[in-house]
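Student: what shape does this take:
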Amino acid sequence: MPKFIKAEHDKKNLTVQYVCDNGSVFLKTGGTIAWRFNNPGNMRPKSKGIYLGQIGVGETASGKFVIFESYEVERKKKKSLLRRKYNNYSLKDAIYIYAPPKENNTEDYIDFIVKKTSIKRTTILST
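Tutor: From the prediction side, this is the model:
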């Protein structure tokens, strides 16, 4: 399969146009930002520089998000970010930062993670 090397987002039509290394074009239309942008962690752009594997940035109703060449590349970046930024926080505190109540149902998010993983709300993520 060709590799995505460049992407542009059309906010109005909820479409990302991916350009492949062989010159072909691939469209993702509709769906979630995570799916359309190959960004299941909903990572935002860096203030300076870009992530390895970043091939675009899309402006959405919820702000800007990175467009990655693949889900797999984004997952590696997200894991690294989580370890770097949230390692010393409790699960509860980390989720309140990562998924603030202004944009999410944070308590439901925490309850879901606790139920699925059996990790306590007070557990420090580095442990």
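Student: how far off centre is stretch 7-21?
Tutor: In terms of Cα atoms, centre = their mean, to the nearest Å, the gap separating the centre of stretch 7-21 from the centre of its chain is 17 Å.
Student: and what of stretch 10-27?
Tutor: On Cα atoms, centre = their mean, the centre of stretch 10-27 falls 18 Å from the chain's centre.
Student: buried stuff in stretch 58-65?
Tutor: 58, 65 (16 or more other Cβ atoms under 10 Å). From N, CA and C alone the C-beta is placed, and that goes for glycine too.
Student: got a list of contacts for it?
Tutor: With contacts defined as Cβ atoms under 8 Å, 6 or more residues apart in numbering, stretch 58-65 is touched by 7-9, 11, 16, 33, 36-37, 39, 42-45, 57, 67, 103.
Student: let's see 7 Å
Tutor: Contact with stretch 58-65 is made by 9, 11, 16, 33, 37, 39, 42, 43, 44, 45, 57, 67, as judged by Cβ atoms under 7 Å, 6 or more residues apart in numbering.
Student: ends of that stretch, how far apart?
Tutor: 5 Å (Cα to Cα, to the nearest Å).
Student: and the lowest-mean-pLDDT helix or strand in the chain, what does it pack onto?
Tutor: Across the helices and strands of the chain, mean confidence by mean pLDDT, DSSP states H and E is lowest for helix 71-86: a mean of 88. Helices and strands in packing contact with helix 71-86 are not found; criterion 3 or more Cβ pairs under 7 Å, 6 or more residues apart in numbering; DSSP states H and E.
Student: which parts of the following helix or strand past it are buried?
Tutor: Reading on from helix 71-86 to the C-terminus, the next helix or strand found by DSSP states H and E is helix 91-98. For helix 91-98, the neighbour count (16+ other Cβ under 10 Å) marks 91, 92, 93, 94, 95, 96, 98 as buried.
Student: you'd agree the fifth one is up against residue 106?
Tutor: Think residue 95. Yes. With contact defined as Cβ atoms under 7 Å, residue 95 reaches residue 106; the gap is 6.0 Å.
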